[in-house]
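Engineer: need a structure here:
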Amino acid sequence: MMVKMPITPHFASIAELRISSRLLTVVDLIRPAYWTLGELRAPYRTTVDKAGLCPYKREQMSVSLQPILSVRDLTVRFGGIVALDSVSFDVADGQIVGLIGPNGAGKTTLFNCLSRLYTPQRGDVHFRGRSLLALPPHRIADLGIGRTFQNLALFPTLSVLQNVMIGVHSRTRSDFLSNALRLPWVGREEAEIRERARELLAFLDLTAVADHPAVGLPFGTLKRVELARALANTPALLLVDEPAGGLNHAEVGALAALLRTIRERRGVTILLVEHHMGLVMQISDNVVVLDFGRKIAEGRPAEVQRDPEVIRAYLGVDETAEARR
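Structural biologist: Residues are numbered from 1 along each chain as shown. Have a look, this model is predicted:
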């Protein structure tokens, strides 16, 4: 299946993209020169090998007493509509947690709160013990949170490699002025970014399309490109929004294996929003279920599948049978 994507201006390099899109600010000029691409890595990351893989120790995979993500009493209203109603749950370090629910349950609204695109009317969200609600949206990636989107958010006329390079942007120290002057260290930094992006393309089996524009590639391939861009920022927590949408059965199976590999080999905790129940139940350590903005169940996949409230939310209720009781 080929995907049509809107046309955007072409940029020859990441530096030109920055120059065209960023304003010169005081913060850019005084940004410390000691920032590196490896900064803010998760504490369990060790030496990265030539394939960009991080040897992952199983003993460090054990559930931590301190959750990496803590959602408390989160409430979001749009006028008279309650999108989230006092939702609370934790995500332990190293887990894959599935967030499921029927359409309109509030899953994407919750993701938008975690990304700071929405501000809740009540409640709080803590990442590694720090409140996210006190931060502006552009600081979220710096903390170590990455995200993919339900609808593809790639630059269609940029190559696959350039799209992934953009994911490293928040880890760089170049600014409007240094890019305009083409200072020598900017070139070295861009070379590091390019190498990092190529490592990720190899990890996700995308090397063959590295120089191909994103436009025209199969939908399943574009999903992996977006995953690569999210991973380029070396996140500790990855928010994955409906990655199986539009994929065939074989591609869903490959996606399940890929998400496990990301967790196990790169040490990334994953919060997964997905409608494909087979995928969620197969790879999740824990599952949270929302319905009309409320949390109705939480637990191991097998427990959640048997929960009467979950069955009722997905299959409905026989009103005649209920009336006879």
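Engineer: where does the protein have its least confident helix or strand?
Structural biologist: helix 26-30 (a mean of 33; mean pLDDT, DSSP states H and E).
Engineer: Can you classify the residue lying closest to Ala210 once chain neighbours are set aside by secondary structure?
Structural biologist: Spatial nearest neighbour of Ala210, excluding adjacent residues (Cβ to Cβ, 6 or more residues apart in numbering): Leu161 at 4.5 Å. Bear in mind the C-beta positions are built from the backbone N, C-alpha and C, glycine included. At Leu161, secondary structure determined by DSSP: H, G, I helix; E, B strand; the rest coil is helix.
Engineer: Next, the contact list for Leu161, please.
Structural biologist: Contact partners of Leu161, counting by Cβ atoms under 8 Å, 6 or more residues apart in numbering, are 194, 197-198, 201, 210-211.
Engineer: Closest to Arg147 out of these?
Structural biologist: The nearest member of the contacts of Leu161 to Arg147, counting by Cβ to Cβ, is Ala197 at 17.8 Å.
Engineer: residues in contact with the closest one?
Structural biologist: Counting by Cβ under 8 Å, 6+ apart, Ala197 touches 161, 164-165, 167-168, 228, 232.
Engineer: quick one, strands of the stretch 201-325 of the chain?
Structural biologist: Using DSSP state E, counting those that start in this stretch, the strands of the stretch 201-325 of the chain run over 237-241, 269-273, 286-291, 294-299.
Engineer: quick one: the last one to strand 286-291, angle?
Structural biologist: Relative orientation of strand 294-299 versus strand 286-291 (axes from the mean of the first three to the mean of the last three Cα atoms, to 10 degrees): 160 degrees.
Engineer: Can you check the pLDDT for the residue nearest to Leu239 when sequence neighbours are not counted?
Structural biologist: Of all residues beyond its chain neighbours, the one nearest Leu239 is Arg147 (4.2 Å), with distances taken as Cβ to Cβ, 6+ apart. In the prediction, the pLDDT value recorded for Arg147 is 93.
Engineer: Now do Arg147: how many residues are near it, please.
Structural biologist: Residue crowding around Arg147 was assessed by other Cβ atoms under 10 Å; the count is 23.
Engineer: picking up where we left off before, ok, the residue nearest to Ala210 to Phe155 distance?
Structural biologist: 11 Å (Cβ to Cβ, to the nearest Å).
Engineer: do the same with Gly146
Structural biologist: Applying Cβ to Cβ, one obtains 17 Å for the distance of Gly146 from Phe155.
Engineer: Looking at these two, which has the bigger crowd around it?
Structural biologist: More neighbours surround Gly146 than the other of Gly146 and Phe155, with 23 against 19 (other Cβ under 10 Å).
Engineer: Show me what the host helix or strand of Phe111 is packed against.
Structural biologist: Using DSSP states H and E, Phe111 falls within helix 107-114. Here helix 107-114 is seen to pack against strand 69-78, strand 81-91, strand 96-100, strand 237-241, strand 269-273 when contacts are counted using 3 or more Cβ pairs under 8 Å, 6 or more residues apart in numbering; DSSP states H and E.
Engineer: Any chance you could list what contacts that helix?
Structural biologist: Residues outside helix 107-114 that contact it (Cβ under 8 Å, 6+ apart) are 69, 71, 74, 76, 83-84, 87, 99-101, 118-120, 125, 132, 140, 145, 147, 150, 239, 241, 271, 273, 290, 293.
Engineer: Weed out the non-buried ones from those.
Structural biologist: Neighbour counting over the contacts of helix 107-114 (16 or more other Cβ atoms under 10 Å) leaves 69, 71, 74, 76, 83-84, 87, 99-101, 118, 120, 125, 132, 140, 145, 147, 239, 241, 271, 273, 290, 293 as the buried ones.
Engineer: re earlier: nearest to Ala297, of the contacts of Ala197?
Structural biologist: Relative to Ala297, and with distances defined as Cβ to Cβ, the nearest of those is Ala228, at 33.0 Å.
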